[in-house]
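> From the sequence below, what's the structure:
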Amino acid sequence: MAQNLGARQSGGVGEEMANWIVEGRPSMDLSEVDVQRAMPFESNLRYLSERVSEGGGALFDIFWPFYQPETARNVRRSPLHDRLRDAHAQFDFRSGWEDAGWFANEEIKPIDFRSFSKEPWFDALREEHLSAWNGGGVSDLSNNAKFYVQGAGAAAALQKLCAIDLPETDEQGVFTPVLDDNGFVLFCVDVCRINATCFLILADPAQQTRLASLLQSLCDEHDDCVSTDMTSAFAIMRLFGDDCSDILSHTCGVNGAAFAYRHGDFRSVDLAYGRGWIYSRSAKGLPVHELIVPSEFAVQLYDYVVSTDRKTPLKLIGSRARNAILLEADIHHRERPYHQYQTCAQLGLDEFCRISDVDGVPTNESSKQISIPLRLADSAQLLFGGESIYDGDDIIGSVSEFGFGFKLNAPICLGQFTTAPDEIRELISAGRLTVAIGDAKVPLQHLFADSSELPLVQATS
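You can find the predicted model right below:
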């Protein structure tokens, strides 16, 4: 009876359960309550005993921004955890991982800042954020999900899951939405071709269980390919900034300029004393490269990267600044929380989707939903996600992804709208969009309100 209590007391839950059974999916994005959001280790009885004791009380607490659980911590850690801790990383809980959210300027104890205002770490985020634009920074992505798909039929099987054409030559990678059977986006991944029979898939940590299930189902349908979870086998460091070439030369002894502006390069190279790959997500204006190495080589590679002889020390970038950097540059990436059960067109992912090959998927012209990058006109305010967007007194959308764009000196976000795209563009041009913050309505502009601010960065492929 207890298991049915939620459905019995909530008509909405019952309706969505019915939709899920009859239609094969709910009518809205329920990924936050999907059982597949949980990691396999989270069924551990000791872990559950500690976390459940905290969860009951938190259920009735205010949902503060950046709320962090206190129990069952330090369970899942990156190979670089100790190095990052010594650099004063303040860790967030993310899919069981201790994720370096931001770096303190001096050693302080992690504090639960319960506030909707600018926090003590706001200035630290500014330094991390601007380092990507003004030289160089490095961020740990070792918690990203990683899978091998291997076998003679690996390419054909993966193509059924991916929205974009997969690489036909070795040592190339693509960013691609992952689609369900109806052509709706579930999440996005990077697929890197090692050779004709082996692919490496990179995904957000929260998608590890979902991706494992999808890949296993795919391989079950094909006798000539297998899927293997390699998440713990590899570490990833993402380099930002114009100084990438110097760092690449230092760590792998190659001419770093060769990687500067090559979208999708996935090269097997020496990395310090180990062997791994460099995956280039570079775009003119913001070079981005990922160093992928077996976990046992991660620490010595990190030491090499941060010890590069530079006039300005390489800045460590946590996940909070990292996501805001990519949002400000308007770059699609695998860690972005895309709303499920929307199309590529609705999410602004047209260039990464063979839309004409997916029956029934609307184009932007016919879509009634759209995702648009926006910024607040008032730099003194903050966004935390979920805020309503207004045209006059009418709610026409809401804030999804958010951050502070220190290069633009403004709060930035993605606005999700249920109004036709052309109408939204007209409302933006007319200055009619506002967002509700507290009891005020703050004007919204397009992310690049001034054409002189349009970045040279394009969505990477």
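
> Just confirm Ala321 is within a helix.
Yes: counting by DSSP: H, G, I helix; E, B strand; the rest coil, Ala321 is found in a helix.

> which non-adjacent residue is nearest it?
Once flanking residues are discounted, Ala321 sits nearest to Glu128: 3.9 Å by Cβ to Cβ, 6 or more residues apart in numbering. For the C-beta atoms, the positions are set from N, CA and C on the backbone; glycine is no exception.

> Work out for me the element that neighbour sits within.
Assigned by DSSP states H and E, Glu128 belongs to helix 122-133.

> Check which residues of that helix are buried.
124-125, 127-133 (16 or more other Cβ atoms under 10 Å).

> Looking at those, which one is closest to Leu161?
Minimum distance to Leu161 across the buried residues of helix 122-133 is 31.2 Å, recorded for Ala132 (Cβ to Cβ).

> Let me know the pLDDT of Tyr338.
Per-residue pLDDT puts Tyr338 at 85.

> do the same with Pro362
Reported pLDDT for Pro362: 45.

> Likewise for Asn182?
With respect to pLDDT, Asn182 has a value of 81.

> pretty sure it is touching Arg25, no?
Yes: with contact defined as Cβ atoms under 8 Å, Asn182 counts as touching Arg25 (7.3 Å).

> neighbour count winner among the two?
Arg25 (18 against 14; other Cβ atoms under 10 Å).

> show me the contacts for the most centrally placed residue in the chain.
Of all residues in the chain, the one closest to the mean position by Cα atoms, centre = their mean is Glu335, 1.2 Å from it. Shown in contact with Glu335 (Cβ atoms under 8 Å, 6 or more residues apart in numbering): 144, 204, 319, 322-323, 326.

> which regions of the stretch 251-400 of the chain sit below the pLDDT cut-off?
Residue ranges of the stretch 251-400 of the chain with pLDDT under 70: 253-262, 282-284, 308-312, 355-369.

> which helices and strands sit right next to whichever helix or strand Ile278 is part of?
Following DSSP H and E, one finds Ile278 within strand 274-280. Under the contact criterion of 3 or more Cβ pairs under 8 Å, 6 or more residues apart in numbering; DSSP states H and E, strand 274-280 touches strand 185-195, strand 266-271, strand 288-294, helix 298-306.

> out of those, nearest to Ser429?
So among these, strand 185-195 is nearest, using Cβ to Cβ, at 27.7 Å.

> and the angle for the closest one with strand 266-271?
Orientation of strand 185-195 against strand 266-271 (axes from the mean of the first three to the mean of the last three Cα atoms, to 10 degrees) gives an angle of 60 degrees.

> Give me the domain ranges for the chain.
2-58, 234-313, 332-453 (automatic domain parsing).

> Return the most buried member of those domains.
Burial of those is given as mean neighbour count (mean count of other Cβ atoms under 10 Å); domain 234-313 ranks first at a mean of 19.

> Tell me which helix or strand Ile372 sits in.
strand 370-376.

> mind exporting that strand as PDB, just the C-alpha atoms?
What follows is strand 370-376, C-alpha atoms only, in PDB (Å, rounded to 0.1, in the frame of the first residue of the first chain):
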ATOM      1  CA  ILE A 370      11.900  26.700 -28.400                       C
ATOM      2  CA  SER A 371      14.900  27.200 -26.200                       C
ATOM      3  CA  ILE A 372      16.600  30.600 -26.400                       C
ATOM      4  CA  PRO A 373      19.700  32.000 -24.600                       C
ATOM      5  CA  LEU A 374      18.900  35.100 -22.600                       C
ATOM      6  CA  ARG A 375      20.400  37.600 -20.200                       C
ATOM      7  CA  LEU A 376      19.000  39.800 -17.500                       C
END
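
> Can you list the helices and strands that the next helix or strand after that strand packs against?
Sequence order places strand 388-391 as the next helix or strand after strand 370-376, per DSSP H and E. Contacts defined by 3+ Cβ pairs under 8 Å, 6+ apart place strand 388-391 against strand 394-405, strand 433-437.

> so which of these comes closest to Asp82?
strand 394-405 (27.8 Å).

> average model confidence for the next helix or strand after the closest one?
Counting by DSSP H and E, the element after strand 394-405 in chain order, helix or strand, is strand 410-417. Strand 410-417 shows a mean pLDDT of 92.

> hmm, who's touching strand 410-417?
Residues contacting strand 410-417 (Cβ under 8 Å, 6+ apart): 324, 327-328, 339, 369-377, 379, 381-383, 385, 389, 396-405, 424, 433, 444, 447.

> packing partners for whichever helix or strand comes after it?
Note on strand 410-417: by DSSP H and E, the next helix or strand toward the C-terminus is helix 421-429. The helices and strands touching helix 421-429, judged by 3+ Cβ pairs under 8 Å, 6+ apart, are strand 370-376, strand 394-405, strand 440-446.

> Could you list the paired strands of the longest one along with their orientation?
This means strand 394-405. strand 388-391 (antiparallel), strand 410-417 (antiparallel) (DSSP bridges).

> quick revisit: between the strand holding Ile278 and strand 288-294, how many degrees?
Using the same axes, to 10 degrees: strand 274-280 against strand 288-294 is 160 degrees.

> Check the offset of strand 274-280 from the chain's centre.
With Cα atoms, centre = their mean, to the nearest Å as the basis, strand 274-280 stands 21 Å off its chain's centre.

> and if you look at stretch 71-81?
That offset, for stretch 71-81, works out to 20 Å (Cα atoms, centre = their mean).

> gap between the two ends of that stretch?
18 Å (Cα to Cα, to the nearest Å).

> If you count neighbours, what's buried in that stretch?
72, 75-81.

> Can I get these in a markdown table including secondary structure, pLDDT and distance to Ala38?
Formatted as a markdown table, the buried residues of stretch 71-81 follow (DSSP: H, G, I helix; E, B strand; the rest coil; pLDDT from 0 to 100; distance: Cβ to Cβ, whole Å):
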| residue | secondary structure | pLDDT | distance to Ala38 |
| --- | --- | --- | --- |
| Ala72 | coil | 92 | 13 |
| Val75 | coil | 93 | 13 |
| Arg76 | strand | 95 | 13 |
| Arg77 | coil | 97 | 19 |
| Ser78 | coil | 97 | 20 |
| Pro79 | coil | 98 | 23 |
| Leu80 | coil | 98 | 25 |
| His81 | helix | 98 | 22 |
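
> Just send the residues you listed back as JSON lines, with distance to Ala156 too.
Formatted as JSON lines, these follow (distance: Cβ to Cβ, whole Å):
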{"residue": "Ala72", "distance to Ala156": "41"}
{"residue": "Val75", "distance to Ala156": "38"}
{"residue": "Arg76", "distance to Ala156": "34"}
{"residue": "Arg77", "distance to Ala156": "37"}
{"residue": "Ser78", "distance to Ala156": "34"}
{"residue": "Pro79", "distance to Ala156": "34"}
{"residue": "Leu80", "distance to Ala156": "36"}
{"residue": "His81", "distance to Ala156": "39"}
